[in-house]
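J.: Need coordinates for the following:
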Amino acid sequence: MRAVKLLLGGLLVLGAFGIAASSTKAGADSPPNRTSCHGTLNAPGLLSGTYSGDVTVSGFCIADGPPTLIRGDLRLATGSALNATFALNDVTHVGATSLTVKGYVRVGSGATLAMGCEPNASPCSDDPAASTGGTLTGQNTVSRDVTASGALALIVHASYIKGDVRQTGGGGGLSCAPPATGVFALMQSPVFSDYEDNTISGDLVVSGVHSCYFGGLRDSVKGDLRYSNNTFGDPDASEVLSNVVSGDIACSGNSPVVHYGDSEGMPNRAHEAFGECSFTAMQPNPAPNGPLAPITVRK
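T.: Numbers count the residues shown, from 1 in each chain. As a prediction, this is how the structure comes out:
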């Protein structure tokens, strides 16, 4: 699943969002004072430039072109999707596309947020070298919390979140077959959520998510990491590894339990550790026949 996830996290996002976006960017209407973004899979709406207040995404939108600055909150309405996985300035192809949200990011029921991109783990949608792993990294910053209640998926890479990240419930169910409709159907991908190489100034909390796959890798969490009561259809899910946690890490009630799988990960590092992520929890690295290794070591 690791190899599949890497492909889906980057190259298929390019295929789904990127191709559709390239056909509509020239005619997209995105005045800076607009407070909503509407679009479809065939003709995504465009977020670009500076927005003085809150912005609500409905349907399908992308954040591309000149840097996007939202001075208020960013809200993803029920069933919507936002692709903010671009790195190039659309006009000059120098610098970096970025999404900066000064307020909160709130992801609604059934919504999908793809934010941030990086070489190998999740190549950027506009990276010319994406097919060989990519070379570009997106720049994304959220000044407050990222919260998701009943969301379909959050795929967050190489982003700076100055508050908490809290994903509760949702996930689209345990099937690892592509759904019949929506973004993941277009990508011919199972539904998954993933956090990699992010800096989170607060807590990272993931609970009650039921999906195909979940990964949390190489994140720097300044608060606590809580991972509980999540269930996934892929037996190689629950790869919560290589994270540096300044507070405590606690994992419980997950199926599968936190393990190395084929992640090529290292133990988490934390101040204190409990449950499936405790200092005494041991799992084969790599699964299923590698030597036993601790899931977490003391920071």
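J.: Strands of the stretch 51-200 of the chain, start to end?
T.: 55-70, 74-76, 81-84, 98-101, 105-107, 112-115, 139-142, 146-149, 153-157, 159-161, 165-168, 192-196, 199-200 (DSSP state E, counting those that start in this stretch).
J.: What distance do you get for Gly202 to Asp54?
T.: Note on Gly202: its distance to Asp54, by Cβ to Cβ, to the nearest Å, is 21 Å. All C-beta atoms are positioned from the backbone trio N, CA, C, and that covers glycine.
J.: Make a markdown table out of the strands of the stretch 51-200 of the chain and add mean neighbour count and mean pLDDT.
T.: Converted to a markdown table, the strands of the stretch 51-200 of the chain look like this (neighbours: other Cβ atoms under 10 Å; pLDDT from 0 to 100):
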| stretch | mean neighbour count | mean pLDDT |
| --- | --- | --- |
| strand 55-70 | 23 | 93 |
| strand 74-76 | 25 | 98 |
| strand 81-84 | 28 | 96 |
| strand 98-101 | 23 | 94 |
| strand 105-107 | 26 | 98 |
| strand 112-115 | 26 | 98 |
| strand 139-142 | 22 | 93 |
| strand 146-149 | 22 | 98 |
| strand 153-157 | 27 | 98 |
| strand 159-161 | 23 | 98 |
| strand 165-168 | 22 | 98 |
| strand 192-196 | 26 | 98 |
| strand 199-200 | 20 | 98 |
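J.: just so I know, which of the ones you listed lies nearest Cys37?
T.: strand 55-70 (4.1 Å; Cβ to Cβ).
J.: For the closest one, name the packing helices and strands.
T.: On a contact count with 3 or more Cβ pairs under 8 Å, 6 or more residues apart in numbering; DSSP states H and E, strand 55-70 meets helix 19-22, strand 36-39, strand 45-51, strand 74-76, strand 81-84, strand 98-101.
J.: mind saving the C-alpha coords of that strand as PDB?
T.: C-alpha atoms of strand 55-70 as PDB (Å, rounded to 0.1, in the frame of the first residue of the first chain):
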ATOM      1  CA  VAL A  55     -13.600  31.800   2.000                       C
ATOM      2  CA  THR A  56     -15.900  28.900   1.500                       C
ATOM      3  CA  VAL A  57     -15.200  26.100  -1.100                       C
ATOM      4  CA  SER A  58     -18.100  24.200  -2.600                       C
ATOM      5  CA  GLY A  59     -17.700  21.700  -5.300                       C
ATOM      6  CA  PHE A  60     -14.100  21.400  -6.600                       C
ATOM      7  CA  CYS A  61     -11.500  24.100  -6.400                       C
ATOM      8  CA  ILE A  62      -7.700  24.500  -6.800                       C
ATOM      9  CA  ALA A  63      -5.300  27.000  -5.200                       C
ATOM     10  CA  ASP A  64      -2.900  27.800  -8.000                       C
ATOM     11  CA  GLY A  65      -1.100  30.600  -9.800                       C
ATOM     12  CA  PRO A  66       0.100  33.600  -7.700                       C
ATOM     13  CA  PRO A  67       0.200  32.900  -4.000                       C
ATOM     14  CA  THR A  68      -3.200  32.600  -2.300                       C
ATOM     15  CA  LEU A  69      -3.700  34.600   1.000                       C
ATOM     16  CA  ILE A  70      -6.900  34.200   3.000                       C
END
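J.: Good, wrapping up.
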